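Chemist: sequence plus the predicted model coming up.
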Amino acid sequence: MIERLLASLADALLDTLKILPFLFLTYLIMEWLEHKTGSRTQAAIRRAGKMGPFFGGILGVFPQCGFSAAASNLYAGGLITAGTLVAVFLSTSDEMLPIFISEAVPVGTIINVLAAKMLLGIISGFVLDFLYHRLLRKEIRYKNIHTMCESEHCRCEEGIFPSAVRHTLQITLFIFLITVVLNILIEGIGEDRLSDLVLNIPVAGELIAGLIGLIPNCAASVVITQLYLEGIIGAGPMMTGLLAGAGVGVLLLCRMNHGRVRQNAGIIAFLYLSSVAWGIAIDLLGVSF
């Protein structure tokens with residue numbers, strides 16, 4: 001029991017340290033934007049907002065969940081649209097790429113999967129922005145970083161570096177504690193039992209794979225990727241699970257965008273439903289990677 005707890009703590013620490021540089025860099029950039037560039041940069045970000053999903057889908061392709069964590073912070077700070085956030089969530093690959101490389105998966109297959117995730121992320125991001133800002137006529141929620149800083153009750157007048165360090169340490173501790181809990185739960189359930197839940201059944205496979213993908217832990221992407229490599233699931237469930245798997249991004253969205261429960265729930269629901277829809281479409285079209 002103690003050995004399992006220590007192992008869970010070690011895994012949680014390792015997972016948290018992986019995204020620490022991304023978090024610090026994100027906060028440092030956000031503080032710099034607020035303190036140094038002022039209204040001109042804020043205006044430039046607003047103008048570039050409509051193309052956000054395109055750039056979000058490209059940046060999200062990079063492995064690990066650091067970019068999804070960064071995107072959640074930027075969205076909470078009012079610097080990117082919901083569509084840009086979802087594009088990053090859908091395209092990020094978490095542990096998929098390292099596993100593919102370690103298992104000597106053909107380069108062509110890796111490129112096809114990454115390209116598909118990027119393309120589907122970009123399309124979904126634009127769709128969400130269109131639905132939310134055009135059809136529902138909701139204005140893009142831009143605000144300056146100082147507003148978010150005040151909502152976190154920090155002393156932003158301390159300067160760029162100390163404020164960025166303060167934010168980073170607060171969120172890092174939060175992620176570590178949640179990850180410890182998730183690791184203990186997953187250890188208790190067992191990855192084998194978790195993998196048995198995903199069967200290669202049309203539609204049902206995608207629905208379950210999407211739920212597993214939403215687990216804010218690298219174990220989700222590991223399970224989905226291994227099941228695909230072992231031939232237990234097909235391309236549809238695999239893509240669904242990996243699209244829905246945004247790592248700790250979803251966790252940070254709920255933490256940083258606090259007070260907007262319906263908005264967060266809507267984004268997560270769109271992430272899940274779009275992942276399932278794309279997975280079912282891949283199955284129906286007989287797409288293989």
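Modeler: That came through, no problem.
Chemist: low-confidence ranges in the stretch 51-200 of the chain?
Modeler: 63-66, 94, 135-158, 171, 175, 178, 182, 185-186, 189-200 (pLDDT under 70).
Chemist: mind listing the helices for it?
Modeler: 52-59, 66-76, 82-91, 96-102, 107-129, 145-151, 160-189, 191-196 (DSSP state H, counting those that start in this stretch).
Chemist: out of those, which one sits most buried?
Modeler: Mean neighbours per residue, mean count of other C-beta atoms under 10 Å, is largest over the helices of the stretch 51-200 of the chain for helix 82-91, with a mean of 30. In this view, the C-beta of every residue, glycine as well, is placed from N, C-alpha and C.
Chemist: export the helices of the stretch 51-200 of the chain to a markdown table and tack on distance to residue 206?
Modeler: A markdown table is the format used below for these (distance: least, C-beta to C-beta, whole Å):
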| stretch | distance to residue 206 |
| --- | --- |
| helix 52-59 | 21 |
| helix 66-76 | 21 |
| helix 82-91 | 14 |
| helix 96-102 | 17 |
| helix 107-129 | 13 |
| helix 145-151 | 36 |
| helix 160-189 | 21 |
| helix 191-196 | 16 |
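Chemist: to residue 259, which of those helices lies closest?
Modeler: Nearest to residue 259, of all the helices of the stretch 51-200 of the chain, is helix 145-151, at 8.2 Å by C-beta to C-beta.
Chemist: which parts of stretch 12-24 are buried?
Modeler: 12, 15, 16, 18, 19, 20, 22, 23, 24 (16 or more other C-beta atoms under 10 Å).
Chemist: residue 239 is nearest to which of the helices of the stretch 51-200 of the chain?
Modeler: helix 107-129 (6.8 Å).
Chemist: assign residue 241 to helix, strand or coil.
Modeler: The three-state label given to residue 241 by DSSP: H, G, I helix; E, B strand; the rest coil is helix.
Chemist: state the number of residues packed around it.
Modeler: Residue 241 sits with 32 neighbouring residues when counted by other C-beta atoms under 10 Å.
Chemist: so who does it touch?
Modeler: Shown in contact with residue 241 (C-beta atoms under 8 Å, 6 or more residues apart in numbering): 198, 209, 210, 212, 213, 220, 221, 223, 224, 275, 279.
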